[in-house]
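Asker: Got a sequence here, can you build the structure:
(2 chains)
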Amino acid sequence: MKPPQILLLLAALVSLAGCNRSEKSAVPGVAGQPTIALVVKTLNNPFFIEMQKGAEDAAKKLGANLIVQAAEREIDVERQMQIIENLIERKVSALCITPSGSREIVPVIVKANKANIPVLIVDTRADEKALAAAGGKIATFIGSDNYDGGKIAGAFMTEKLGGKGSVIVLEGIPGHETGDARLRGFRETIAKSPNIKIVASQPANWERDQGFNVFQNLLQANPDVNGLFACSDLMALGALEAIAAAGKTGKIVVVGFDAQPEAREAIKQGRMAATVAQFPARMGATAVEYAVRIVRGESVPAFTPVAIELVK
Amino acid sequence: MNEDTPPTVERGTGNLPVLASEQRGQVARATGSAFGGKNFLSHYARQFGTFAGLVGLCVVLWILTPHFLTVSNLLNVAQQTAINAIIAVGLTFVIISGGIDLSVGSIVALSGVVLASLLQRGLPYPVAILGGLGVGFGCGLVNGVLITFGRLPPFIATLGLMSVARGGALLYTDGRPISGFGPAFRWLAIGEVVFLPVPVVVMAIVYAIAHVVLRRTPFGRYAYAIGGNEEAALLSGVPVRFHKTMVYAVCGALSALAAVILTARLNSAQPIAGMNYELDAIAATVIGGTSLMGGQGSVIGTLIGALIMGVLRNGLNLVGVSSFTQQLVIGAVIIVAVLMDMAFKQPKR
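Answerer: Next comes the predicted model:
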C-alpha cells in the first residue's frame, strides 16, 4: 500500500472542487432563496451561452440561486438525463430544461414530477404525445415557433431567387423537434414555388465542420446550386468556408438560423444573405423569471412565444 | 495450486523451456494473477488502492454537499453507472486478452435500434431482447473473426466495425429515433427488485458472473494467458483463435445488454446513441487497474473504476461545478488513477 498516492488523489480533488466552490460560493446555497437549475443541451454552442447569460442576469435581479449545467455534447440525451437526475437529488426548487431529445426527455420529466419539482421547458419542445402517454407534466414552454422561422426563411429564399433555382438544405440531427419544425416550415414554403427545387437535403448534425464537409460534397454533385438553407448558423458558417474554397462566395444565397454574432458579421460582409434571429437570452431570462414565480406559487402562462425575426 | 486449476494450463506453464525467461515471466504473471500465488496479495492490494480512492472521493463529496450521502442518491449513482459498468466488463475481458474494442458504443446503437424495432413490431419483449443481444453478439463475432482469422490489429478491426455498426444503425432507422414501449419493457429501467433499481440488479448479476468466469473457468484463465503472452498460450495448447473470438463476441453481447437498459431508460432507441461510450468504458477499466498491455486486471477493479466515474459525475453536479470544470476534473482523475496504478506495479519489475 502506498498511502501518499491516495492522498495525492484526494488532495487534487479537494483542491479542484474546493477552488471552484469558493469562486462561486456566493451563488449556491444562500438560505431563503430559491435554487433554479437551467440544463441546456451543451455549453459549447453560442446559442446556449447567450441563454445562460440571460438566465444569470435574471437570477441576479430576482435574487435567485442559479445552477447551469450541460452535457459535453449536444446529442448526449443519456448524460443530460443523468444531470437532471442529480439535480433532482440536490432538491432544486425548479428545473428549466432545453431537451437534447424531445422524446428522450420524457422519462426524467416524470421523475421530476414525482419529486414535486416544477419543470419548465425552454427552446425545444418535449414531445407532447410521449409526455401525455407517460403521464408527465410541464409547467410551461418558453420558446420560438421554429416552424414559423422556417417559413420566414423559405419566403426570403423564394424572394431572393426570384422564384426559380435549385436549393440545398443542411439539416440538423434527424428526429430533433427543433430542426424538423424549421425544415417543415422551409419546405412547405418552397413547395409553393414550382420552379424552385430542393436538389439535396442532408444532415450535418448541427456541427460546423460537418456543415463544411457535407456542403462541399453536395457542391461537387450540384455545382449549379443557387441557394442554401442551413437549419443552424454553425452549419451555415461551415458551408460558407466550403463556398469560399470553391470560389463561389456571394454567388449562393445562404440562409442560416439562430443569428449568432459570427453569422451577423458574415451578413455584413456579404458572404451570407440572412439568418433567422431567435432570442436565447430572452428565453433564459423568461425561464428563470417564471421559475421564481412558480416557486412562489404564482401562475404563469402555459406557452410563451419568444419573437422570431429575419436578419438580412 | 487449488483444485479448480485446469490441467491444460498447469501442463502448459510447466512446458516452456524454449521460451526466453522474460516470456516465461509474463506467462507466470498472467497466470499468477488469475490463480493466486505470490502476486495474489499485491493484486488485492492494488484493488484496495482503487477502492480507497473511491471511498476517499465519497468522503470529499460528503463534506462538500449534504445531498451526496443519501440512500436515494447512492441508488441514483448506482443506476447511472450500470450502463457504463456493463459495457466496461466486456471490455475488461477484451483488454485482459491483450486487445481493445472501439466498437462498443456503435454496437449499443445498432442493437438498441434493432431491439426497439422488434418491440414496435409487437414481439414479446424477451424475444426482442434476445434479438438485440443476438445483434451485439454477432457484431462481436465479426470483430473476433477479423482479428483472429483476418489477422487485423484489434484497433483497426474494431475501428472499422465502429463505423459500420453506426452506419447500419442510421440506415436501419433512417436516422430517426424509435420510441415508446410498453410498461413491461420499461420495468427494466424504472422497476425495482425489493428496493434496488433493476439496472443495478442486472449490473450486480453481470459482475458476479463475470468475476466467477474470469477467475474460476478456463475461459477466464485463457484470456489472461492470451493477454500475457499469446505465443506461449498457443504453445501450451490454448485454442487461442476460438477464445479470442469468443471474448469479442461476449463483449458485443454485453454492449447489447447495456443497450437494453439504455433503451428502457430513455423509452427510446437512437441511432446516434452510445457515442464515446467506448472511451468511458476504457477509462473505467483502466482506472480499475486493468493493464492496456493485457494479461492483468479484474472485473472488481473495473466496477470500482466505473463507480469512481459515476460518483464523480454525480458529485460534481450536486456541488454545482461548472460543466467545463467537470471535464477537467474527470480527466485529471483518470490520469491520477493510472499514475497510482503504475506506482503500485513498479516495485515488481
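Asker: show me what contacts the closest residue in space to B:Ser298 that isn't next to it in sequence?
Answerer: Closest residue in space to B:Ser298, ignoring its immediate chain neighbours: B:Gln47 at 6.5 Å, by C-beta to C-beta, 6 or more residues apart in numbering or on different chains. (Each C-beta comes from the backbone N, C-alpha and C, glycine too.) B:Gln47 is in contact with B:288-289, B:298, B:300-301, B:304, counting by C-beta atoms under 8 Å, 6 or more residues apart in numbering or on different chains.
Asker: any idea which element B:Gln47 lies in?
Answerer: Counting by DSSP states H and E, the element that carries B:Gln47 is helix B:38-64.
Asker: what's the average pLDDT for that helix?
Answerer: For helix B:38-64, mean pLDDT rounds to 78.
Asker: repeat for stretch A:102-111
Answerer: Stretch A:102-111 shows a mean pLDDT of 94.
Asker: What are the contacting residues of that stretch?
Answerer: For stretch A:102-111, the surrounding residues in contact (C-beta under 8 Å, 6+ apart) are A:77-78, A:80-81, A:84-85, A:88, A:97, A:99, A:119, A:124-127, A:130-131, A:134-138, A:176-177, B:177, B:179-180, B:189-190, B:265-268, B:270.
Asker: Now intersect these with the helices, please.
Answerer: A:77-78, A:80-81, A:84-85, A:88, A:130-131, A:134, A:177, B:189-190, B:265-266 (DSSP state H).
Asker: what sits against B:Cys58?
Answerer: B:Cys58 neighbours (C-beta under 8 Å, 6+ apart): B:68-69, B:311.
Asker: again, only using 7 Å
Answerer: B:Val311 (C-beta atoms under 7 Å, 6 or more residues apart in numbering or on different chains).
Asker: For A:Ile267, see how far away it is.
Answerer: Here B:Cys58 is placed at a distance of 52 Å from A:Ile267 (C-beta to C-beta, to the nearest Å).
Asker: do the same with B:Met293
Answerer: B:Met293 is 55 Å from A:Ile267, where distance means C-beta to C-beta.
Asker: sec struct for the nearest residue to A:Leu87 once chain neighbours are set aside, please.
Answerer: Excluding the flanking residues, the one nearest A:Leu87 by C-beta to C-beta, 6+ apart is A:Ala37, at 4.6 Å. Per DSSP: H, G, I helix; E, B strand; the rest coil, the secondary structure class of A:Ala37 is strand.
Asker: Also the one 4 residues further on?
Answerer: Secondary structure assignment for A:Lys41 (three-state DSSP): strand.
Asker: Report pLDDT for it.
Answerer: Among the per-residue scores, A:Lys41 shows a pLDDT of 94.
Asker: The stretch 101-250 of chain A against chain B: which residues are in contact?
Answerer: Counting by C-beta under 7 Å from any C-beta of the partner chain, the stretch 101-250 of chain A comes close to chain B at A:101, A:103-104, A:106-107, A:130, A:133, A:173-175, A:203.
Asker: Out of those, name the ones that lie in helices.
Answerer: Applying DSSP H to those, the entries found in helices are A:106-107, A:130, A:133.
Asker: Quick check: which element contains B:Leu110?
Answerer: B:Leu110 belongs to helix B:104-120 when assigned by DSSP H and E.
Asker: The very next helix or strand once past that helix vs helix B:104-120, what angle?
Answerer: Next along the chain after helix B:104-120, taking DSSP H and E as the criterion, comes helix B:125-148. Put simply, helix B:125-148 runs at 150 degrees to helix B:104-120, going by axes from the mean of the first three to the mean of the last three C-alpha atoms, to 10 degrees.
Asker: Which positions within helix B:125-148 qualify as buried?
Answerer: Judged by neighbour count using 16 or more other C-beta atoms under 10 Å in any protein chain shown, the buried positions of helix B:125-148 are B:125, B:128-148.
Asker: residue boundaries of the strands in the chain?
Answerer: In the absence of a named chain, this looks at chain A. A:35-42, A:65-71, A:94-97, A:119-122, A:140-143, A:165-171, A:196-203, A:227-230, A:253-258, A:274-277, A:303-305, A:309-311 (DSSP state E).
Asker: Let me rephrase: I mean chain B.
Answerer: Secondary structure of chain B (DSSP E): strands at B:178-179, B:192-193, B:196-197, B:268-269.
Asker: Let's test this: mean pLDDT of the second one, rounded?
Answerer: Per-residue confidence for strand B:192-193 averages out to 92 on the pLDDT scale.
Asker: In terms of secondary structure, what does that strand contact?
Answerer: Judged by 3 or more C-beta pairs under 7 Å, 6 or more residues apart in numbering or on different chains; DSSP states H and E, strand B:192-193 is in contact with no other helix or strand.
Asker: go with 10 Å
Answerer: In this structure, strand B:192-193 packs against helix B:198-216, with contacts taken as 3 or more C-beta pairs under 10 Å, 6 or more residues apart in numbering or on different chains; DSSP states H and E.
Asker: Next one: the helix it packs on, is it in contact with chain A?
Answerer: No: contact of helix B:198-216 with chain A (C-beta under 10 Å from any C-beta of the partner chain) is absent, the minimum separation being 12.0 Å.
Asker: how about that helix: buried residues?
Answerer: For helix B:198-216, the neighbour count (16+ other C-beta under 10 Å) marks B:198-204, B:206-207, B:210-211, B:213-215 as buried.
Asker: Adding pLDDT and distance to A:Ser193, write those out as TSV.
Answerer: Shown next, in TSV, are the buried residues of helix B:198-216 (pLDDT from 0 to 100; distance: C-beta to C-beta, whole Å):
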residue	pLDDT	distance to A:Ser193
B:Val198	96	54
B:Pro199	96	52
B:Val200	97	57
B:Val201	97	59
B:Val202	97	55
B:Met203	97	56
B:Ala204	97	61
B:Val206	98	58
B:Tyr207	97	61
B:Ala210	97	61
B:His211	96	66
B:Val213	96	65
B:Leu214	95	65
B:Arg215	93	70
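Asker: Closest to B:Ile330 out of the residues you listed?
Answerer: B:Met203 (20.5 Å; C-beta to C-beta).
Asker: Give me the pLDDT value at the residue most central in space within chain B.
Answerer: The structure's chain B has its C-alpha centroid closest to B:Ala88; by C-alpha atoms, centre = their mean the separation is 1.8 Å. pLDDT recorded at B:Ala88 is 98.
Asker: which phi and psi does the residue in the stretch 51-200 of chain B that chain A sits nearest to have?
Answerer: Chain A sits closest to B:Gly175 of the stretch 51-200 of chain B, with a gap of 3.4 Å, by C-beta to the nearest C-beta. With angles defined as degrees, to the nearest 10, B:Gly175 sits at phi 80, psi 0.
Asker: wait, what's in contact with it?
Answerer: Shown in contact with B:Gly175 (C-beta atoms under 10 Å, 6 or more residues apart in numbering or on different chains): A:171, A:173-176, A:203, A:205, B:169, B:270-272.
Asker: Report the two of those separated the most.
Answerer: The most widely separated members of these are A:Glu171 and B:Ala169, with 17.6 Å between them, by C-beta to C-beta.
Asker: Between the two, point out the one with more neighbours.
Answerer: The neighbour comparison of A:Glu171 against B:Ala169 (other C-beta atoms under 10 Å in any protein chain shown) goes to B:Ala169, with 26 against 23.
Asker: quick one on the thing from earlier: taking the ones in helices among the residues of the stretch 101-250 of chain A next to chain B, tell me the two that lie furthest apart.
Answerer: Greatest spatial distance among those (C-beta to C-beta): A:Pro107 and A:Ala133, at 11.2 Å.
Asker: Neighbour count for the two, which is higher?
Answerer: For A:Pro107 versus A:Ala133, neighbours defined as other C-beta under 10 Å are more numerous around A:Pro107 (22 against 13).
Asker: Quick check: closest non-adjacent residue to A:Gln278.
Answerer: In space, and not counting its chain neighbours, A:Gln278 is closest to A:Ser144: 4.7 Å by C-beta to C-beta, 6+ apart.
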